[in-house]
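Student: Got a predicted structure plus its sequence, pasted below:
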Amino acid sequence: MNGSEPLSQLKLIPYAEFLKQGRLVAFPTETVYGLGASAWNPEAVAQIFAVKGRPNDNPLIVHVNSIDMVKEFAETIPPRARLLMQKFWPGPLTLIFKKKAGVLDAITAGLETVAIRMPDHPTALSLIELTGALVAPSANKSGRPSPTKASHVTEDFGSSIPVIDGGECQLGLESTVLDITVNPPLILRPGYISAAQIHHHCGFIPQEHNESKSENATEAPKSPGMKYSHYAPKARVYWLYDVDMGDSSDRRGFFSAGKNDLIITHTPKGAENIKAGRKRIHYHGDYARMARELYDWFRKADHDNHTGIGIEAFPKDIESISSGEPAGALINRISKAAGVR
Ligand code: AMP
Ligand code: MG
């Protein structure tokens with residue numbers, strides 16, 4: 001991936017042994033680096049929550065390399081799931097199944113469902129071949145941006161966690177999470193795979209989860225992890241608009257962007273709005289690259305002591321951005337980072 005060769009199975013053996021002994025190992029996937037633990041080892045799974053500082057009610061995604069492995073965790077595989085797996089796996093789509101008896105409660109946070117995905121990365125797939133299924137949340141301390149490079153993992157955990165270096169992750173944003181235990185299926189977390197792509201390839205239209213609505217609801221949140229603030233650098237993240245936005249903490253007009261802030265634009269108009277002499281990155285409509293680099297900029301901004309990160313707001317009508325672009329996922333992650341303070 002990305003020019004860096006996948007590690008041979010031979011080189012992965014020591015890491016696999018570590019995992020089989022119940023230790024944690026970080027490894028690359030196409031989305032972000034995962035913090036892996038054997039899915040059948042309760043102590044190893046408990047370690048994940050401990051080292052990340054992850055709340056116990058935030059369930060983990062099981063990573064597999066075959067449909068047979070899905071059967072170890074899912075009670076049944078509905079026809080719709082087969083179709084989705086056929087079209088999108090290996091890839092950045094996590095499916096929520098009814099869980100099979102025996103799946104560790106810590107993985108599912110006590111829910112009756114389990115989240116499963118097959119990563120599209122040769123190193124991850126070979127590792128799972130050696131170890132069996134791995135649970136693997138993003139390999140960052142809870143609340144920090146997800147790691148898209150091996151160095152990000154070391155930044156959060158020092159040398160205490162071995163990291164398999166696979167270079168920069170190709171996609172850079174976490175997977176789409178789709179609940180197929182409900183009808184119609186429900187997107188719990190937007191990602192690279194959009195509702196439009198699912199509709200196009202599988203013939204049904206998934207519902208899109210309205211987070212703000214569910215936050216006020218009395219029922220338990222459908223995707224417990226989504227209630228936590230994620231993806232946040234120390235610098236204040238805010239949206240940049242063409243017009244004066246008054247005194248809002250998460251949105252500003254281009255002209256009131258902080259002088260020492262890092263500015264990220266993605267349209268020609270946005271690039272024009274920001275004059276030379278300040279730190280700026282222009283993506284000119286390359287949303288795939290913007291997604292790949294976003295979390296790296298979040299971390300770099302902190303290293304370079306930027307107090308803020310201003311990101312050009314997306315047009316309301318994001319339909320104008322072609323399907324297959326991760327605009328929806330970008331908006332979701334940036335809004336979360338901006339909503340933190
Ligand atoms: P992370 O591994 O940090 O990318 O987070 C995993 C995401 O998957 C979180 O948002 C979890 O809430 C979600 N998730 C995992 N298992 C389930 C489940 N059984 N039901 C709903 N959401 C889940
Ligand atoms: Mg995470």
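Tutor: Sure, I can see it. Numbering: from 1, shown residues only. Ligands and ions are numbered 1, 2, ... in the order given.
Student: residue nearest the centroid of the protein?
Tutor: With distances taken as Cα atoms, centre = their mean, Glu174 lies nearest the centre of the chain, 1.6 Å away.
Student: That one touches Tyr33, doesn't it?
Tutor: No: with contacts defined as Cβ atoms under 8 Å, Glu174 does not count as touching Tyr33, sitting 10.9 Å away. C-betas here are computed from N, CA, C, even on glycine.
Student: re the thing from before, mind listing what the spatially closest residue to the residue nearest to the centre of the chain that is not a sequence neighbour touches?
Tutor: What sits nearest to Glu174 in space, not counting adjacent residues and going by Cβ to Cβ, 6 or more residues apart in numbering, is Thr31, at 5.4 Å. For Thr31, the contacting residues are Pro92, Pro119, Cys169, Leu171, Gly172, Leu173, Glu174, Ser175, Gly191, Tyr192, by Cβ atoms under 8 Å, 6 or more residues apart in numbering.
Student: how near is Arg23 to ligand 1?
Tutor: From Arg23 across to ligand 1, the span is 19 Å (Cβ to the nearest ligand atom, to the nearest Å).
Student: Excluding chain neighbours, what is closest to that residue?
Tutor: Using Cβ to Cβ, 6+ apart and skipping the chain neighbours, the partner closest in space to Arg23 is Ala44 (7.1 Å).
Student: before we move on, what about Pro119?
Tutor: With Cβ to Cβ, 6+ apart as the measure, Thr29 is the residue that lies nearest to Pro119, at 3.9 Å, once sequence neighbours are left out.
Student: For the one you found, list the residues it contacts.
Tutor: Under the criterion of Cβ under 8 Å, 6+ apart, the neighbours of Thr29 are His63, Pro119, Asp120, His121, Ala124, Ala136, Cys169.
Student: likewise Gly310?
Tutor: When contacts are counted by Cβ under 8 Å, 6+ apart, Gly310 is found next to Tyr238, Trp239, Leu240, Arg252, Phe254, Ala257, Gly258, Asp261, Leu262, Ile263, Ile264.
Student: Just put those in TSV and tack on neighbour count.
Tutor: Conversion of the contacts of Gly310 to TSV gives the following (neighbours: other Cβ atoms under 10 Å):
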residue	neighbour count
Tyr238	25
Trp239	18
Leu240	24
Arg252	22
Phe254	22
Ala257	20
Gly258	17
Asp261	22
Leu262	25
Ile263	23
Ile264	24
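Student: Filter these down to just the ones in strands.
Tutor: The members of those that map onto strands under DSSP state E are Tyr238, Trp239, Leu240, Arg252, Leu262, Ile263, Ile264.
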